[in-house]
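Participant: Quick one, what's the 3D model for this:
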Amino acid sequence: MKRRIISVLIAATLTISALAGCSSAKGSESAKKTETGGTSQSSASDSESGDDDTITIRSCFATGMTGAVNNFAIEKGLYKELGIEFDNIQWSSNDEVLSLITRGEIDVADGDPSAYIPGIYNGVSGKLVGNMWRYSGCYWLVANNDIKDISDLKGKTVGTAAAAGGMRLSVLKMLEENGLSEDDVTLVANGVYQSAYATLTSGEVDATIIHNPYAALAEADGVGHILGRAWDYIPDYYTGTIIASDDIIEKDPEKLQRFLTAYYKVHEEVKNERLDEFISWAATQMNTPEEVMKKAIESEIDVWFDYPVIPEDRISKTVEYLKDYGWLDKDVKAEGTYTNEFSQKAADELGLTNPESK
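Facilitator: Take a look at the predicted model:
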């Protein structure tokens, strides 16, 4: 298939930009830069010239629960202890990430592989280089208190976050396994995080797919209750990845390796040594009672993998799903859009093994 012009590509990926692991953070089109990890907005070369042991990564990281652990680690100086600082652009959308990579403005980002794979296939100069701290679909189907189980959704209105992609796919799979089809319900794209929660509390939808802490918050507030976890219904869907520019891959691979290894190191430290501190921090950040945040995080601990190596079976299956539902061009392939060169080195150095192979 002829490669499309990049500007056309960015517009095309709009339909799948609100998928798994994606943040709903608001951002201007110009993507305002912020200071993180004690770094200024100076270039990486300026930073490195002042301190041979410190590197600066130009990044665009997710917020919300998707990016919570990473942003906690940055704020608490865990990366800085490893000699890594960030010149970070606030994450706004997967489309913006692709645009920033195309313009050569960032080195790495996190986000949705279902948006990045077609982008890279069609010419964006980057590759997927590792998994996010969790890469199963951490979504919850939550309904108002009149709905007792998924089969009761017949004739009801259900929020799917977006018009396509992982969250909508999760809804469809959950319906199918309970004897319902898309024709049995009214599906609406109702956004994510606070936006999706508002549609449930207002009664605009009878149920919605949503991230935590809002699933736990719905139960705590008496607004509704959980009908199911998406990853129990579609466990092989790949939802969270790290993308790097071809420029850093080809010209500064040691720098990329250092960042990627540090990413998993600090996430393991948070999970195993600083979990209580993280829960308190996340509760404050997301304006959620600490006991609710604790329940939300503990309910997803089984998919907090911190495993670097991109699972080839998952990534292939994800592409198949997207094609089956007509959300991805039949010509798009995952091959050539990712590399495990750096992730395998990180896994080996840190002694991390595939939790799904046990």
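Participant: Counting neighbours, which bits of stretch 317-326 end up buried?
Facilitator: For stretch 317-326, a neighbour-count test (16 or more other C-beta atoms under 10 Å) marks K317, T318, V319, Y321, L322 as buried. C-beta coordinates here come from the backbone N, C-alpha and C atoms, glycine included.
Participant: Repeat that for stretch 68-80.
Facilitator: Quick answer for stretch 68-80 (16+ other C-beta under 10 Å): A68, V69, N70, N71, F72, A73, I74, K76, L78, Y79, K80.
Participant: With secondary structure, distance to D331 and pLDDT as extra columns, can I get these in a markdown table?
Facilitator: Compiled in a markdown table, the buried residues of stretch 68-80 are given as follows (DSSP: H, G, I helix; E, B strand; the rest coil; distance: C-beta to C-beta, whole Å; pLDDT from 0 to 100):
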| residue | secondary structure | distance to D331 | pLDDT |
| --- | --- | --- | --- |
| A68 | helix | 36 | 96 |
| V69 | helix | 36 | 98 |
| N70 | helix | 33 | 97 |
| N71 | helix | 37 | 97 |
| F72 | helix | 40 | 98 |
| A73 | helix | 39 | 98 |
| I74 | helix | 38 | 98 |
| K76 | coil | 44 | 98 |
| L78 | coil | 42 | 98 |
| Y79 | coil | 39 | 98 |
| K80 | helix | 44 | 98 |
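Participant: which one of those residues is nearest I101?
Facilitator: Nearest to I101 among the buried residues of stretch 68-80 is N70, at 18.2 Å by C-beta to C-beta.
Participant: name the helices or strands packed onto the longest helix anywhere in the chain?
Facilitator: The residue-count maximum for a helix in the chain (DSSP state H) belongs to helix 253-273. Contact partners of helix 253-273 among helices and strands, from 3 or more C-beta pairs under 8 Å, 6 or more residues apart in numbering; DSSP states H and E: strand 55-60, helix 68-75, strand 84-89, strand 126-131, strand 241-245, helix 246-251, helix 341-350.
Participant: what angle do the first one and strand 84-89 make?
Facilitator: The directions of strand 55-60 and strand 84-89 differ by 30 degrees, with axes from the mean of the first three to the mean of the last three C-alpha atoms, to 10 degrees as the criterion.
Participant: Strand 55-60 pairs with which strands, parallel or anti?
Facilitator: strand 84-89 (parallel), strand 108-111 (parallel) (DSSP bridges).
Participant: Going toward the C-terminus from the first one, what's the next helix or strand?
Facilitator: Read it as strand 84-89. Sequence order places helix 94-102 as the next helix or strand after strand 84-89, per DSSP states H and E.
Participant: Likewise for the shortest one?
Facilitator: Using DSSP H and E, the next helix or strand after strand 108-111 towards the C-terminus is helix 113-121.
Participant: What is that next one packed up against?
Facilitator: Using 3+ C-beta pairs under 8 Å, 6+ apart: helix 113-121 touches helix 6-12, helix 94-102, strand 126-131, strand 241-245, helix 312-324.
Participant: Please repeat the previous calculation with a cut-off of 7 Å.
Facilitator: Taking 3 or more C-beta pairs under 7 Å, 6 or more residues apart in numbering; DSSP states H and E as contact, the helices and strands that helix 113-121 lies on are helix 94-102, strand 126-131, strand 241-245, helix 312-324.
Participant: Export those as JSON lines, with columns for distance to W140 and mean pLDDT.
Facilitator: Shown next, in JSON lines, are those (distance: least, C-beta to C-beta, whole Å; pLDDT from 0 to 100):
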{"stretch": "helix 94-102", "distance to W140": "21", "mean pLDDT": "95"}
{"stretch": "strand 126-131", "distance to W140": "21", "mean pLDDT": "98"}
{"stretch": "strand 241-245", "distance to W140": "21", "mean pLDDT": "98"}
{"stretch": "helix 312-324", "distance to W140": "19", "mean pLDDT": "94"}
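Participant: any chance of the buried residues of stretch 317-326 in TSV, plus distance to D112?
Facilitator: Output for the buried residues of stretch 317-326, formatted as TSV (distance: C-beta to C-beta, whole Å):
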residue	distance to D112
K317	15
T318	10
V319	13
Y321	13
L322	11
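Participant: got the contact list for the longest helix of the chain?
Facilitator: 55, 57, 69, 72-73, 78-79, 82, 84, 108, 129-130, 133, 244, 248-249, 278, 304, 306, 308, 342-343, 345-346, 349-350, 352 (C-beta atoms under 7 Å, 6 or more residues apart in numbering).
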